[in-house]
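Colleague: The following comprises the amino acid sequence and a computationally predicted model.
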Amino acid sequence: MKESLYQLGEKLINTLINKGASDVIALPSNVEKSMIRFSNSKITVVQSWSSTAIDLLTIFGRRRVITRFENLSEDAISRGIEKAVSEASLMPEQEDAEPPRGKRFADRLEAEEIDLERLRDIVSASIIASLKEGAERVAGVMTATTVRQCILSTTGAEGYDESSGYDLNVRAFGGGSYGQGMSCASRIASLEPERAGAAAGSIVRLSRTTVPWSAGRHDVCLSPIIGANLAERLGNAFSAFSVETGMSCLANRLGDRALSEGLNMIDDASDPRNLGSRGFDDEGQPTRCNRLVENGVISTYLHNSSTARRFKASTTGNAGWIAPGPWNLSVGAGRIAEGDLLEELGRGIMVISNWYTRFQNYGTGDFSTICRDGAFLVEKGEIKGAIKGARISDNLIRVFNSVRGTGAGRQWVHWWEVHTPVLMPSVIVSGVNLTKAQEA
């Protein structure tokens, strides 16, 4: 695969140079994916597919053109290149159009071959565990992904990178209640299907008893699933592009202790054990461990070469030709054992997962999100019953500045509500504003 990706990249670079380009960066990639869907406690669909594409940043003097080819036929490529050349004259000139000098990287060969039989066993184990815990039926999806990516350029960048990722998402049903559990990892041996299935089933069992509750401010224990969703939104605010465009609640906060004193967060694509890892960014710069939050202090923004020039900073290995962003996020663990979280919470609400996080104002961090698949009233450290119709309506900075306890255990979270993989503990947050649906 490496050789064919290199040949594709070299061919298009040479074609564009012959068309008058001054510099080209090519990112040819191949993605292999297998998916197992299950419903009514049985596997229903098994699919596998492979796709190859190439992304190109082409420089014509001081003008940039970004092109992506998913149809790799000769005719489609020819038409796409002609279009890119013709559109270059329409693009505005940029003082910082020239990409940085790239680096050469040793091959990173970290991918695992996808084993469908092991994936079937993993799905079956999660279903059995969920039924044992109280689910009446179980559904969900298991995906395995292998990504192979090259970088080639006229700027000196050259490298080949492989990575694997596994996402198991389990939903349990019973008596009108729902539960969610998941396990995500960069190695199949690290998946925990029994834990994921048991978590979903236990939520169904605990949700069979509902209790009244009142809207207002509550201490809340956020599980890793909903915590990762909010941490991802916070991580996006570290992009220097988001800061420039007024879409970040962290603008002008470098060096401020804006968050809880014990809170730490990093972005680290350089560690192949992490989901979302990669050895190089889209400009051919090495990825690294970026410490975003250190004991509550905002430590750095994430940069590509363009934002770094404007901020008088250095690239952080997070390009994005247009916008830099995190590859993955890791929130530091605390000291509270998983079995002690509710006792530490005392009285409040435990929330397992959420859907539909929306911002009223990105610049200030005002948001709302719907609590789903497990929200419980807790008194004296014990679950009294499930609550219905809860929505968190609060401020992202205020939430992460009100963390008063952090779990010792962490889990990777990556699903359709969390696009950037996040290694997340449970967190206890003081005074979270919960609103209530009218009919709840």
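Modeller: Happy to help now that I have it. Just so we're clear, the structure is a prediction, and the values are computed from it rather than from any experiment.
Colleague: domains of the chain?
Modeller: Using automatic domain parsing, the domain ranges for the chain come out as 2-194, 209-440.
Colleague: As CSV, those domains with mean neighbour count and distance to S202 would be great.
Modeller: Heads up, the C-betas are built off the backbone N, CA and C, glycines and all. Compiled in CSV, these are given as follows (neighbours: other Cβ atoms under 10 Å; distance: least, Cβ to Cβ, whole Å):
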stretch, mean neighbour count, distance to S202
domain 2-194, 18, 5
domain 209-440, 20, 9
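Colleague: Just put these in a markdown table and tack on mean pLDDT.
Modeller: Formatted as a markdown table, these follow (pLDDT from 0 to 100):
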| stretch | mean pLDDT |
| --- | --- |
| domain 2-194 | 95 |
| domain 209-440 | 96 |
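Colleague: which one of the ones you listed lies closest to G201?
Modeller: Relative to G201, the nearest member of these by Cβ to Cβ is domain 2-194, separated by 2.9 Å.
Colleague: Using TSV, lay out the domains of the chain together with distance to A200.
Modeller: Formatted as TSV, the domains of the chain follow (distance: least, Cβ to Cβ, whole Å):
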stretch	distance to A200
domain 2-194	4
domain 209-440	8
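Colleague: Quick check: which of those is nearest to I203?
Modeller: Comparison of the domains of the chain against I203 by Cβ to Cβ identifies domain 2-194 as nearest, at 2.9 Å.
Colleague: Now N274: closest residue in space that isn't a chain neighbour?
Modeller: Once its chain neighbours are removed from consideration, N274 has its nearest residue in N328; the separation is 5.1 Å (Cβ to Cβ, 6 or more residues apart in numbering).
Colleague: Now do the same contact list for that neighbour.
Modeller: The neighbourhood of N328, defined by Cβ atoms under 8 Å, 6 or more residues apart in numbering, consists of 267-269, 274-277, 420-423.
Colleague: for N30, same thing?
Modeller: With contacts taken as Cβ under 8 Å, 6+ apart, N30 has the following neighbours: 1, 5, 50-52, 147-149.
Colleague: Between the contacts of N328, which sits nearest T369?
Modeller: In terms of Cβ to Cβ, no member of the contacts of N328 lies closer to T369 than V422, at 15.0 Å.
Colleague: Got phi/psi on the nearest residue to I59 once chain neighbours are set aside?
Modeller: Nearest residue to I59, sequence neighbours excluded (Cβ to Cβ, 6+ apart): D23, at 4.1 Å. Phi and psi for D23, reported as degrees, to the nearest 10, are phi -150, psi 150.
Colleague: now do A76
Modeller: Dihedral angles phi and psi of A76 (degrees, to the nearest 10) take the values phi -60, psi -40.
Colleague: Surely it and R68 touch.
Modeller: No: with contact defined as Cβ atoms under 8 Å, A76 does not reach R68; the gap is 11.4 Å.
Colleague: Helix, strand, or coil at S270?
Modeller: For S270, the secondary-structure state derived from DSSP: H, G, I helix; E, B strand; the rest coil is coil.
Colleague: list the contacts for the spatially closest residue to R278 that is not a sequence neighbour?
Modeller: Counting by Cβ to Cβ, 6+ apart, the nearest residue to R278 once its immediate chain neighbours are dropped is A269, at 4.9 Å. Contact criterion Cβ under 8 Å, 6+ apart gives 276-279, 287-288, 317, 327-328 as the residues in contact with A269.
Colleague: go again using 10 Å as the cut-off
Modeller: Contacts of A269 were listed using Cβ atoms under 10 Å, 6 or more residues apart in numbering, and they are 161, 163, 275-281, 286-290, 317-318, 326-328, 421.
Colleague: Repeat that for S239.
Modeller: If a contact means Cβ under 10 Å, 6+ apart, then S239 has 245, 247-248, 250, 301-304, 307, 318, 320, 323-326 as its contacts.
Colleague: any idea where the helices of the protein begin and end?
Modeller: Using DSSP state H, the helices of the chain run over 2-18, 74-88, 116-132, 193-206, 224-236, 240-244, 305-311, 341-345, 396-400.
Colleague: Ok, which of these comes nearest T369?
Modeller: Nearest to T369, of all the helices of the chain, is helix 224-236, at 7.1 Å by Cβ to Cβ.
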